[in-house]
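Trainee: how would this look folded up:
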Amino acid sequence: MARVHEVLIIGSGFGGSIAAARLAEAGVDVAILERGPWRDTLPVQSMGIPNRIRYPAGLQLATRGFKRINGRLLPRGGLTLSRYGLFESFSAGDVSVLCASGVGGGSHVYTALNDRPRVSGYWDGHHPDVSNDVLEPHYERVMAEMGGRPPRLEDAIPNLTASRYRGHDWLQGGDGGRQPAHAVQYPEIPGTSREIDWGEGIRRREADWKDGGLLGSRFGTKTTLDFAFLAPAMRRGLRVLDLHEAISVHRCRQTNLARYSVQAKNLYTGQVEAFYADHVMLAAGTMNTLRLLLVSRDEARGLDGLPALGRRFGTNGDHLAWWGMDDAEADFSRGLPCHGPVALRHGGREDDPFMVEVGLIGVDAFPMPDRLRRRLRRGVMLVAMGADLADGRVSLRRGRLHVRYTRDAQPVYARTEALFREIAAQSGKPVRMRRRPFTVHPLGGAVLGPSDAESVVDGRGEVHGYPGLFIVDAAALPAAPGGPPSMTIAAWSSFVASRFLEDRT
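Mentor: Prediction:
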């Protein structure tokens, strides 16, 4: 029997989960296809989900750390290592990308920073129906639903930059006084960590400052989308089909079942299955949304046209470095998923990137010698984000994504590297950076705009020329937000869902 839904969403990250929650709340028949598994966390256990997979740790990092790796010398479609893998990597032309896999998408591995764009007037001027004022209510709602707040000194959080750099000679723990919210469950009593009822039967633990890092949050101290958005949506009828990987999207021409069919591989059985819907929302994450669109058009012939597809791809100016402070008294593997913003106290410029410190929380799960683990505890990652020009181009070459992106044409990289060098010089400690662009925040390639000549989606998030086909993830973002993009993706998804519901009624 054909599986037909009113709305089919591909992906369950910040784009897919928020759209699904809004539609389910309104009584829409909606289902999610998610290629990854449910993660075995305290909140998901309390939801009663039967098929759960633990985060990879120890030697499992070698077998279940990665779902797939993609590169020029690897097979078409990438080398699949584990259907349960937490990460996927792309070495795609001029850029390397790391993204996540699992129900809840990147919320499992992100640094829990919830913030608006750092670029002034970010949404203005891209489409007459979209503006900062129009999107602001959606930011307010999703940030309230995430339940985060800025950290306070009285929270007594280890390694918080606002505390460590208070009165520091040349660094400050902030960004001009602006502190983003952190979506974690702060302890009611500092120094304690209780298991609590978060509402509607969801159990999670207050932060003990040892959980919630880059390898997931086992006890729910970090707010992830699986329990924050999908759990209430499932109580309202949402179906989440985990371990179902979308392969291609087709406009239906020979059936009256629906406007679109989606071919997906059931990773439980290994069989390819067809799903039908009048409305499809793509939220597979930028790289996989672009791959899905390009494969559907260029190989499967399920779509055609889309002249602007692949254009205006960006990295959000991401630049990572390792600051080897080698402080024998420090343990930077404790604290928030991100220790907080850090900036020069004097001599900062308007074009400085937004920079945060990230400790290796969960480093005990890494399979490595104790000596190396101790050394990693004594340093931090410096993660910078800024407004790159987002002028890259993504194409499909022999079944593989290829990105053309001119790093040296992006002023943000030169400024970031100048800051890294200044930190190294002032501290007398090495700051090691890599030259090749590497991003965990790829964006664009199917951007918002007024016409199909220069963009892929219109002011409702609908693909030009394809009624009922929407893009609700970072592939649609018209420019780099210059800071953590999760709330911008979530606000866009909420906006598109609200427009869909208005048109539906």
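Trainee: for the stretch 401-505 of the chain, which spans come out with low pLDDT?
Mentor: When residues are selected by pLDDT under 70, none of them lie in the stretch 401-505 of the chain.
Trainee: So which residues of it form helices?
Mentor: In the stretch 401-505 of the chain, the segments counted as helices under DSSP state H, counting those that start in this stretch are 411-427, 486-504.
Trainee: deepest of those, which one?
Mentor: helix 486-504 (a mean of 23; mean count of other C-beta atoms under 10 Å). Quick note: C-beta positions are derived from backbone N, CA and C, even for glycine.
Trainee: Tell me which other helices or strands that helix touches.
Mentor: Under the contact criterion of 3 or more C-beta pairs under 8 Å, 6 or more residues apart in numbering; DSSP states H and E, helix 486-504 touches helix 16-25, strand 113-114, helix 132-146.
Trainee: Nearest to residue 274, out of the ones you listed?
Mentor: Nearest of the helices and strands packed on helix 486-504 to residue 274, taken as C-beta to C-beta: helix 16-25 at 19.8 Å.
Trainee: The closest one: which residues count as buried?
Mentor: Of the residues in helix 16-25, those buried under the neighbour-count criterion (16 or more other C-beta atoms under 10 Å) are 16-24.
Trainee: again, but for stretch 378-395
Mentor: Under the neighbour-count criterion of 16+ other C-beta under 10 Å, stretch 378-395 has 378-390, 392-395 buried.
Trainee: Which ones among those residues lie within helices?
Mentor: Applying DSSP state H to the buried residues of stretch 378-395, no entry is found in helices.
Trainee: give the contact list for the most centrally placed residue in the chain.
Mentor: For the chain, the residue lying nearest the average C-alpha position, counting by C-alpha atoms, centre = their mean, turns out to be residue 106 (4.1 Å). Residues in contact with residue 106, defined by C-beta atoms under 8 Å, 6 or more residues apart in numbering, are 13-14, 99-100, 285, 440, 486.
Trainee: cutoff 10 Å now
Mentor: Taking C-beta atoms under 10 Å, 6 or more residues apart in numbering as the criterion, residue 106 is in contact with 13-15, 98-100, 224-225, 285, 440-441, 473-474, 485-486, 489.
Trainee: Please pick the buried ones from those residues.
Mentor: Burial by neighbour count, judged by 16+ other C-beta under 10 Å, picks out 13-15, 98-100, 224-225, 285, 440-441, 473-474, 485-486, 489 from the contacts of residue 106.
Trainee: what sits against residue 150?
Mentor: Contacts for residue 150 were tallied using C-beta under 10 Å, 6+ apart; they are 114, 162, 174, 178-182, 340.
Trainee: out of those, who's nearest residue 148?
Mentor: Distance ranking of these against residue 148, using C-beta to C-beta, places residue 181 first at 3.7 Å.
Trainee: Tell me how far stretch 84-97 lies from the chain's centre.
Mentor: 13 Å (C-alpha atoms, centre = their mean, to the nearest Å).
Trainee: about what we covered before: and of the buried residues of helix 16-25, the nearest to residue 374?
Mentor: After measuring the buried residues of helix 16-25 against residue 374 - C-beta to C-beta - the closest member comes out as residue 17, at 37.7 Å.
Trainee: which ones are touching the closest one?
Mentor: 9, 11, 32, 34, 103-105, 107, 224-226, 228-230, 233, 238, 240, 283, 472, 490, 493.
Trainee: how does it look with 7 Å?
Mentor: Contacts for residue 17 (C-beta atoms under 7 Å, 6 or more residues apart in numbering) come out as 104, 225, 229-230.
Trainee: Helix, strand, or coil at the closest residue to residue 274 other than its chain neighbours?
Mentor: Using C-beta to C-beta, 6 or more residues apart in numbering and skipping the chain neighbours, the partner closest in space to residue 274 is residue 261 (5.3 Å). When the structure is reduced to helix, strand and coil (DSSP: H, G, I helix; E, B strand; the rest coil), residue 261 reads as strand.
Trainee: Pull the number of nearby residues for residue 261.
Mentor: The number of residues packed around residue 261, counting by other C-beta atoms under 10 Å, is 25.
Trainee: Just confirm it contacts residue 273, I think it does.
Mentor: No. Counting by C-beta atoms under 7 Å, residue 261 does not reach residue 273; the two are 10.3 Å apart.
Trainee: quick revisit: mind checking which of the contacts of residue 150 land in helices?
Mentor: Where those overlap with helices, as defined by DSSP H, the overlap consists of residue 162.
Trainee: Rebuild the contacts of residue 150 as CSV, extending it with neighbour count.
Mentor: Compiled in CSV, the contacts of residue 150 are given as follows (neighbours: other C-beta atoms under 10 Å):
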residue, neighbour count
114, 22
162, 20
174, 19
178, 13
179, 18
180, 27
181, 18
182, 27
340, 27
